[in-house]
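Trainee: What follows is a predicted structure for the sequence shown.
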Protein chains: 4
Amino acid sequence: MTEQLDRRQALVHAAFSAIAEHGFEGFRLRPIAAAAGIDHSTLHHYFRTKADLIAAVLEHVTSQFEATMHNDLEPAARLRQHLNEIATAVVVRPELFVVLDELDLRARRDKSTEVDIDHDEQGWRDALAAIFNEGIEQHVWSMNLNVAASVELVIATVKGIRLRPDKAESVVNQLCDLFSPERLTHA
Amino acid sequence: MTEQLDRRQALVHAAFSAIAEHGFEGFRLRPIAAAAGIDHSTLHHYFRTKADLIAAVLEHVTSQFEATMHNDLEPAARLRQHLNEIATAVVVRPELFVVLDELDLRARRDKSTEVDIDHDEQGWRDALAAIFNEGIEQHVWSMNLNVAASVELVIATVKGIRLRPDKAESVVNQLCDLFSPERLTHA
Amino acid sequence: MTEQLDRRQALVHAAFSAIAEHGFEGFRLRPIAAAAGIDHSTLHHYFRTKADLIAAVLEHVTSQFEATMHNDLEPAARLRQHLNEIATAVVVRPELFVVLDELDLRARRDKSTEVDIDHDEQGWRDALAAIFNEGIEQHVWSMNLNVAASVELVIATVKGIRLRPDKAESVVNQLCDLFSPERLTHA
Amino acid sequence: MTEQLDRRQALVHAAFSAIAEHGFEGFRLRPIAAAAGIDHSTLHHYFRTKADLIAAVLEHVTSQFEATMHNDLEPAARLRQHLNEIATAVVVRPELFVVLDELDLRARRDKSTEVDIDHDEQGWRDALAAIFNEGIEQHVWSMNLNVAASVELVIATVKGIRLRPDKAESVVNQLCDLFSPERLTHA
DNA sequence: AATGAATGAGACTTCATTCAT
DNA sequence: TATGAATGAAGTCTCATTCAT
């Protein structure tokens, strides 16, 4: 019973690693089955098609990003904390972000991938907007701060460093500095 | 005489479009040849291998980004101008950025792609650094501004909006605002 | 169950016939698969590569030459009997020898073919040496007979008639006559 | 003018070497042209088809075997001398015999190759028969000697050692010994 | 649930040859 | 004579998927 789940998990993990290493361009089912120790036709009992397996990988990836916002912190600190956690993750688990990038690119051609990613991103978007709105309320940031644009800027920046673990920390720090209250509120 | 060049060009263009539309995952040579109106074996007369054709596409793409910095402008305006041009390009020619993203991802597995991209990026990096350094000299920005980190932030942000033409303008504007002198220098 | 073996067998036979008819120069996989009544990609299910199929053909051929020495006969008669059997085989199943010749030639470029053939030949060589040695012991042949050279002479002669079924009988008879006791022992 | 002949020669030599090294299985025109320093389509000005080039190679090979019988020697010595020269040639120029073997095998499928080889072999056959006949006349060998069979035995033996330079000398010596007068005439 | 056999589409690449220049 | 472009047939091999066991 859990055997079945374990097999599925093993397949998803193997697929995840394969995508991280070779991208979708080189993503083949046979090696995945082999890595899970089963015959390649048995794989189809767990995932009817290749697309199904990819969907499961996407779900696996997004599930790793359950928002871990620290609502007890003040807005600016919360933003900094959040970005630092991401920067750390990029360094510690680079494959996660590589696969996410592959999926992002793939979403352009695959509607269902796009939907899943969009849904996931919306949660993130909302959480970021909450930070900025709260910060404006608390006069941490000026009323003139464009919340929507700021949210997108943060998101774009994070996406832009997904492939550059070595630059992650300095980039998020620089972004936080630019958003730091002492500068913006005095404007 | 130029017939020959035209054929090559036609193949590169067809390949470019195919990658833009289907990514490398679905990149096949036969349709490329067909799009250029030649037999698929004739394609190998121009590009011995698939990799050779991809290299030509990469060159084609990077050649579109010959630095168009406006050195007559003051630093902050130059940065804004530069980013606005990129934002416009993302809207006007989104495929260019999609393909660039595909290549960026591919560079992780293909050494020669990586080298070419790195070389191209270095030019961009240098130009951005020049802007910030000049700005600091002219007291547009504080001496405390971390130039390297700022450069990487700009690059990351641009990479992060490559797939989102709809957000490009507001994101680069927001970034420019954060870098705008009146805020930073008074800090 | 034996279906599977039959398929393999059928492929090996088809390959054997194709080599006999067209040599390795014209040896193509698609017709082999067609002759066995299967899709050409299914062939790869049984033999991963062309070389694997060729190895199977080689094995098939050598297995047809299981030594059939008649140890109950006296040495000279044994030699004659052995050579006559070969001469008959050359006439009755010429393709077997043609393919063997192709493989011999191929062994020059293919190490693994060479190893297999050498192994097979060694058995033959030993059996022939046994005949001559025994004959010398029994004073059928003079002590001065060069066993090693005689063995190689027999082998060379047999190889030399593989392509000439029409000459096989007279050649082996002539060789036997030269080795006939009444001539050699009186020397 | 001789330029043209030189080119042809160069192509034939290159083809000869290629066949010696890779056999007909791996015989391709492009490398031949390259080895002769010309474009692969230019090759077709000298040899309209691949078969034409092969025919030229065959001619080149057979021309190397102009009978060099030493008619001043007595029959037995002439045979020995002839076989020794062949044994030496097998050691000194093994490629010549390798290519000859390839051609022999090919003759089974290519009528024109067969004709050329047969014609060449007939000359050799006649020369050998002359030796044996003369020997019988001079009472070197018994009247009972089967001339035709002896000729074929010699030919078969030589063909059988073409691929074994290391065994050539001992084999021809052994054959000569068996044909040596002191043994046969006393029978 | 699991497998090995089978399939058919299709991948990239190479070849001998011809044609126009 | 020489060449580069072009062709089309064919090469080996791989893939995702289905089917019978």
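Mentor: Received, thanks. The structure presented is a predicted model; accordingly, all values stated were derived computationally and were not measured. Numbering: from 1, shown residues only, chains lettered A, B, ... in the order given.

Trainee: can we go C-alpha only for contacts and neighbour counts from here?
Mentor: Noted.

Trainee: Other residues contacting stretch A:79-94?
Mentor: A:68-70, A:96-97, A:128, A:131, A:158, A:162-163, A:165-166, A:168-169, A:172-173, A:176 (CA atoms under 8 Å, 6 or more residues apart in numbering or on different chains).

Trainee: and A:His119, what does it touch?
Mentor: Per CA under 8 Å, 6+ apart, neighbours of A:His119: none.

Trainee: Where does it fall, secondary structure wise?
Mentor: Here A:His119 sits within helix A:111-137, counting by DSSP states H and E.

Trainee: So which bits of that helix are buried?
Mentor: Residues A:113-114, A:117, A:120, A:124-125, A:127-129, A:131-136 are the ones in helix A:111-137 that count as buried (16 or more other CA atoms under 10 Å in any protein chain shown).

Trainee: got a list of what A:Thr62 touches?
Mentor: Contact partners of A:Thr62, counting by CA under 8 Å, 6+ apart, are A:Ile117, A:Asp120.

Trainee: The same query, at a cut-off of 10 Å, please.
Mentor: A:Leu96, A:Leu100, A:Asp116, A:Ile117, A:Asp120, A:Glu121 (CA atoms under 10 Å, 6 or more residues apart in numbering or on different chains).

Trainee: And the last one, how close does it get to C:His40?
Mentor: Spelled out, it's A:Glu121. A:Glu121 sits at a distance of 47 Å from C:His40 (criterion: CA to CA, to the nearest Å).

Trainee: So for the closest residue to chain D within chain A, what pLDDT did the model give?
Mentor: When scored by CA to the nearest CA, chain A has A:Gly26 as its residue closest to chain D, at 31.2 Å. Here, the pLDDT recorded for A:Gly26 equals 91.

Trainee: what do you get for the one 5 residues further on?
Mentor: pLDDT, A:Pro31: 93.

Trainee: Would you pull up how far the helix or strand containing it lies from the middle of the chain?
Mentor: If you go by DSSP H and E, A:Pro31 is part of helix A:29-35. Relative to the chain's own centre, helix A:29-35 is displaced by 25 Å; criterion: CA atoms, centre = their mean, to the nearest Å.

Trainee: cool, and stretch A:49-56?
Mentor: For stretch A:49-56, the separation from the chain centroid amounts to 19 Å (computed by CA atoms, centre = their mean).

Trainee: Give the rounded mean pLDDT of it.
Mentor: Throughout stretch A:49-56, pLDDT has a mean value of 94.

Trainee: Check whether it comes near DNA strand F.
Mentor: Yes. Residues of stretch A:49-56 are located near DNA strand F by CA under 7 Å from any atom of the strand, namely A:Thr49, A:Lys50, A:Ala51.

Trainee: Out of these, name the ones that lie in helices.
Mentor: Of the residues of stretch A:49-56 next to DNA strand F, the ones assigned to helices by DSSP state H are A:Lys50, A:Ala51.

Trainee: Can you convert the contacts of A:Thr62 into a markdown table and add a column each for pLDDT?
Mentor: As requested, the contacts of A:Thr62 are arranged in a markdown table below (pLDDT from 0 to 100):
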| residue | pLDDT |
| --- | --- |
| A:Leu96 | 97 |
| A:Leu100 | 96 |
| A:Asp116 | 90 |
| A:Ile117 | 93 |
| A:Asp120 | 90 |
| A:Glu121 | 93 |
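
Trainee: ok, and for whatever helix or strand A:Asn84 lives in, which residues are buried?
Mentor: In this structure, A:Asn84 sits in helix A:75-92 according to DSSP H and E. Of the residues in helix A:75-92, A:75-87, A:89-91 count as buried by neighbour count, 16+ other CA under 10 Å.

Trainee: which stretches of chain A have low pLDDT?
Mentor: Chain A contains residues with pLDDT under 70 at A:1-5, A:67, A:181-187.

Trainee: can you list the residues of it near DNA strand F?
Mentor: A:Phe27, A:Arg28, A:Leu29, A:Arg30, A:His40, A:Ser41, A:His44, A:Arg48, A:Thr49, A:Lys50, A:Ala51.

Trainee: Count the neighbours of the nearest residue to A:Phe97 once chain neighbours are set aside for me.
Mentor: Excluding the flanking residues, the one nearest A:Phe97 by CA to CA, 6 or more residues apart in numbering or on different chains is A:Arg162, at 5.4 Å. Neighbour count of A:Arg162, defined by other CA atoms under 10 Å in any protein chain shown: 27.
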